[in-house]
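[1] Fold the stuff below for me.
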Amino acid sequence: MAAGNGLIEDYLVALRQGMRGRGDLQDLVDEVADHLYTAAERLEALGTDPREAHARALARFGEPRLVASLLTSTPSKGTVLSLFFARRLPVVAALASLTWALAAVSSFFGLTELSGSWDPQRYLVSAALIGAACLLTALVLVGVNIRAKGRVDPPAVAITGLALFATLAALLLAWVVALWMPVLAAAVTWTCLRARRSHAGSPAFTVALAILAPLLGLASIAVSAYGIATGNGMEAAIWGSVAAFGALLVAGFSDIAFRVVRTLRAAPLVAG
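    Alright, predicted model coming up:
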């Protein structure tokens, strides 16, 4: 039995009974379960007793028969994104983490001549991996924003726009780290500030991302400016910027994947 002594499980049973006949019944129950367990975990992190945290989460959500009635009379179109990211965010975060690790390694061979064997093909592979990592980062940021705010609001759209711009810039000009890295860092930092209480990731990693991401973004600008001013290509420093940024996101996204999986596993499926 969960720490809340089955309060949320009982609520989900009552909710299911009030929504029989809907084709998307399980999707709706899963979404409500994820919302309730996330809200309860948030309260527990603030020091609330587990049972009290579950009770408060339920009280804020509403009486199950009323909620069931509202959901039954409302089209499911508004739940598509939240359902997708509630279920897929751990996978996307883990994939983003892996891709950033590959991008950091490949950039050594594709963005520098330090290995002694640079060629255009290696650059294209490195650019493709960096672009893919940026795109997956955009998806992670959308998911974290949805978990934090419950919907795709205007700031989430703006954050996604920044991440997609960084993706395009990285694909076209991966070696110009001063162009895409600060923009992506801004999107990551903005998301962390908005989601600091959403428990998509641990507070320590959220703070680390919020502080270190913009610093690395500024460092990429400084490295590029110094290289232009001195005529030095600064290959090692450019690769170091990508590697450090990638390592930061690998750690942060791995933490998000772990935390969200743990939350979702705490929300057992309710038998029909």
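
[2] tell me the contacts of residue 7?
    Residue 7 is in contact with 51, 54, 55, 58, counting by C-beta atoms under 8 Å, 6 or more residues apart in numbering. (C-beta placed from N, C-alpha, C; glycine too.)

[3] what about the third one, neighbour count?
    Going back to what we said before, that points to residue 55. When neighbours are counted by other C-beta atoms under 10 Å, residue 55 registers 18.

[4] Tell me the one of the contacts of residue 7 nearest residue 228?
    residue 54 (57.2 Å; C-beta to C-beta).

[5] is it true that that closest one touches residue 8?
    Yes: between residue 54 and residue 8 there is a contact under C-beta atoms under 8 Å: 5.5 Å.

[6] quick one on the thing from earlier: neighbour-wise, which of the contacts of residue 7 leads?
    With neighbours taken as other C-beta under 10 Å, the top of these is residue 54, carrying 27 neighbours.

[7] Quick check, pLDDT for that residue.
    Note on residue 54: pLDDT of 89.

[8] Remind me which helix or strand it belongs to.
    Residue 54 is located in helix 50-61, with elements delineated by DSSP states H and E.

[9] Same question for residue 189.
    Residue 189 is located in helix 177-194, with elements delineated by DSSP H and E.

[10] Please name every helix or strand in contact with the helix or strand that that helix is followed by.
    Scanning forward in sequence from helix 177-194, with DSSP H and E defining helices and strands, the next element found is helix 203-230. Helices and strands touching helix 203-230, by 3 or more C-beta pairs under 8 Å, 6 or more residues apart in numbering; DSSP states H and E, are helix 177-194, helix 235-265.

[11] wait, residue 92 sits on residue 141?
    No: between residue 92 and residue 141 there is no contact under C-beta under 8 Å: 10.1 Å.

[12] ok, residue 65 - contacts?
    Taking C-beta under 8 Å, 6+ apart as the test, what residue 65 contacts is 14, 18.

[13] Quickly note the distance from residue 52 to residue 7.
    10 Å (C-beta to C-beta, to the nearest Å).

[14] The contacts of residue 7 into a markdown table, with extra columns for distance to residue 225?
    As requested, those are exported to a markdown table (distance: C-beta to C-beta, whole Å):
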| residue | distance to residue 225 |
| --- | --- |
| 51 | 56 |
| 54 | 53 |
| 55 | 56 |
| 58 | 54 |
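
[15] Quick check: of the residues you listed, which lies closest to residue 196?
    For the contacts of residue 7, the residue nearest residue 196 by C-beta to C-beta is residue 54; the value is 22.3 Å.
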